[in-house]
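Participant: A predicted structure for the sequence below; I have some questions about it.
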Amino acid sequence: HTTSTNGLCLSHDGALLYVTEPGMALNPMAGGVMNTPDVNSALLVITLETGAVEALFTNSADDSPNGCFVSPDDPNLVYTINFEHGVRAWNKNSGSQAVTWGSDLQTIQQTQGDVRCGDGIVHYDGMWYVSLWKVQMGAPAGAIYSCSPSGTTCTVFVADLPGADLQLDLRDAKDRKSVV
């Protein structure tokens, strides 16, 4: 496993750690994304109490999981933004789950000459936020999209931002420790 580990996300109950392995790499010289030789995509889950590692899938042609977010309502349900395959959801116990929102993200990601890599995903206040990025003239570029779970398309939330991993900190300001 862990030859292309990229994303980590912890279930809200602290019991499960999900690990993404996109099995992909950016090839700026070729202007896009390429499969990494001898590296498979995978979504792993580690049960923290026992250290047991379980592969939810490996080497799926339709998945390149990069960023992840665990459902606050179900520690067994994880959403991934894929390097080039849009958004997917996996249930630890029952496998792939249908995702009806954000169906346009995969189309945006695979636009010829303008390939964008999925990287970060978070859920906040009823909305999903997903980052896509690309290399443009040797410099990173991208955007963060907002997606309604009741819709099928996403809209640009922040443009011209070389977005990458996304994290949401919901602690009260008084609970945050100052970093010097």
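Facilitator: Here it is on my side, so go on.
Participant: Quick one: the helices in the chain, in order.
Facilitator: For the chain, the helices defined by DSSP state H occupy 104-109.
Participant: Please list all residues in contact with the residue nearest the centre of it.
Facilitator: Centroid-nearest residue in the chain, with C-alpha atoms, centre = their mean: residue 67, separated by 2.3 Å. By C-beta atoms under 8 Å, 6 or more residues apart in numbering, residue 67 lies in contact with 6-7, 9, 20, 80-81, 118-121, 130-131, 165-166. Quick note: C-beta positions are derived from backbone N, CA and C, even for glycine.
Participant: Now, those that are in strands?
Facilitator: Secondary structure defined by DSSP state E assigns 7, 9, 20, 80, 81, 118, 119, 120, 121, 130, 131 of these to strands.
Participant: Neighbour-wise, which one of those residues leads?
Facilitator: Neighbour tally across those (other C-beta atoms under 10 Å): the maximum, 33 neighbours, falls on residue 81.
Participant: Can you name the residues bridging to that one?
Facilitator: Beta-bridge pairing for residue 81 (DSSP bridges): residue 67, residue 87.
Participant: Could I get the full set of strands for this structure?
Facilitator: Residue ranges of the strands in the chain, as given by DSSP E, are 7-10, 16-21, 24-27, 32-35, 42-47, 52-58, 65-70, 77-82, 87-91, 95-97, 117-124, 127-136, 139-147, 154-158.
Participant: For the contacts of residue 67, could you give me JSON lines that also reports distance to residue 51 and pLDDT?
Facilitator: Converted to JSON lines, the contacts of residue 67 look like this (distance: C-beta to C-beta, whole Å; pLDDT from 0 to 100):
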{"residue": "6", "distance to residue 51": "21", "pLDDT": "81"}
{"residue": "7", "distance to residue 51": "20", "pLDDT": "87"}
{"residue": "9", "distance to residue 51": "18", "pLDDT": "93"}
{"residue": "20", "distance to residue 51": "19", "pLDDT": "91"}
{"residue": "80", "distance to residue 51": "23", "pLDDT": "93"}
{"residue": "81", "distance to residue 51": "27", "pLDDT": "92"}
{"residue": "118", "distance to residue 51": "29", "pLDDT": "86"}
{"residue": "119", "distance to residue 51": "28", "pLDDT": "88"}
{"residue": "120", "distance to residue 51": "27", "pLDDT": "91"}
{"residue": "121", "distance to residue 51": "26", "pLDDT": "94"}
{"residue": "130", "distance to residue 51": "31", "pLDDT": "93"}
{"residue": "131", "distance to residue 51": "31", "pLDDT": "92"}
{"residue": "165", "distance to residue 51": "25", "pLDDT": "80"}
{"residue": "166", "distance to residue 51": "28", "pLDDT": "83"}
